[in-house]
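Asks: Requesting a structural model of the entry that follows:
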Amino acid sequence: MANKKILKVGLDSAAPFPMHSNYNSKIFEGFEVDLLQAIATYLNLNIQYEVSLWSNILEKLFKGELDTICSAVTVTPSRQHILEFSNPYLYFRLCAIVADNVFLTNLQDFKNKTIGVREATEAEKYVRTQFPSNTIVFAATNKELYRKLQAGKIDLLVDDSPIAGGFLQKNKNLRIGMFLPNTDSAYAIAMKKGDKQLKLQFNEALTFLRENGTYQKLYKKWFEEIQF
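Replies: Residues are numbered from 1 along each chain as shown. Now for the predicted structure:
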């Protein structure tokens with residue numbers, strides 16, 4: 001029997017749970033882990049993960065050292081110029097997370113507030129654009145970002161709603177203050193620009209997993225208690 005082809009997949013070392021946990025922890029799990037395993041099974045591939053900072057995995061993809069990145073990658077027009085994307089596998093919004101005694105009703109409530117955000121994310125771009133006069137505090141990882149909020153070093157943070165949901169399950173004294181207007185977004189699997197064959201295969205697999213109910217089971221498993 002012929003050996004299965006290896007699919008080399010890049011992962012962000014910041015580990016945006018529940019999309020995926022830390023690859024080097026005792027338990028490596030998450031929605032993307034299960035989804036990618038189902039895709040690999042359908043396409044008869046073996047997965048080989050490579051974990052690094054976002055900028056490094058992007059560079060490796062450009063060089064052809066990786067086949068895909070499946071790590072909470074938001075589809076944007078600028079990224080579509082340099083990357084090939086599968087069909088989206090998750091739709092979400094940006095949200096503002098606050099302590100449970102803080103209330104937000106609209107963007108005016110952000111005035112004079114110190115906002116935390118993870119650097120090099122779409123959330124960072126949004127905050128810089130919408131709140132140029134606010135004090136912005138940056139964090140390298142999601143974990144660090146939420147720690148800053150817990151410690152009172154920031155008034156609120158802006159994050160992707162699925163990842164925020166994962167942290168809120170562990171931090172009951174935090175909550176979603178509000179979903180941010182006009183931030184409808186999607187995650188998809190990123191590939192090297194021009195890799196149309198792999199893109200077609202992934203889209204075929206995603207369609208199959210939706211049609212046979214696997215996708216819905218995984219969605220329920222990981223997101224049943226998370227608000228989008």
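Asks: can you tell me which residues contact residue 206?
Replies: Counting by CB atoms under 8 Å, 6 or more residues apart in numbering, residue 206 makes contact with 39, 86-87, 89, 215. Any C-beta I mention is one placed from the backbone N, CA and C, and that applies to glycine too.
Asks: Those residues in helices, which ones?
Replies: Among the contacts of residue 206, the members found in helices (DSSP state H) are 39, 215.
Asks: Of the contacts of residue 206, which is the nearest to residue 10?
Replies: residue 86 (14.2 Å; CB to CB).
Asks: Contacts only, for the closest one.
Replies: Applying CB under 8 Å, 6+ apart, the residues contacting residue 86 are 188-189, 191, 199, 202-203, 206.
Asks: related to what we said a few turns ago, hmm, which two among the contacts of residue 206 are most spread apart?
Replies: 86 and 215 (12.9 Å).
Asks: Name the nearest of the contacts of residue 206 relative to residue 116.
Replies: Ranked by distance to residue 116 (CB to CB), these are led by residue 89 at 27.2 Å.
Asks: any idea how far residue 135 is from the residue minimising distance to the centre of the chain?
Replies: Nearest residue to the geometric centre of the chain (CA atoms, centre = their mean): residue 72, 2.4 Å. Using CB to CB, to the nearest Å, residue 72 is found at 26 Å from residue 135.
Asks: sorry, back to before: tell me the secondary structure for the residue nearest to the centre of the chain?
Replies: Three-state assignment for residue 72 (DSSP: H, G, I helix; E, B strand; the rest coil): coil.
Asks: One more: residue 33?
Replies: helix.
Asks: Likewise for the one 4 residues further on?
Replies: For residue 37, the secondary structure call by three-state DSSP comes out as helix.
Asks: Show me where the chain has its strands.
Replies: Shown for the chain, the strands assigned by DSSP state E span residues 5-12, 45-52, 68-69, 83-85, 90-92, 94-99, 115-118, 136-139, 156-160, 174-179, 185-187, 190-192.
Asks: quick one: stretch 83-95 to chain centroid distance?
Replies: Remark: stretch 83-95 is offset 8 Å from the chain centroid, using CA atoms, centre = their mean, to the nearest Å.
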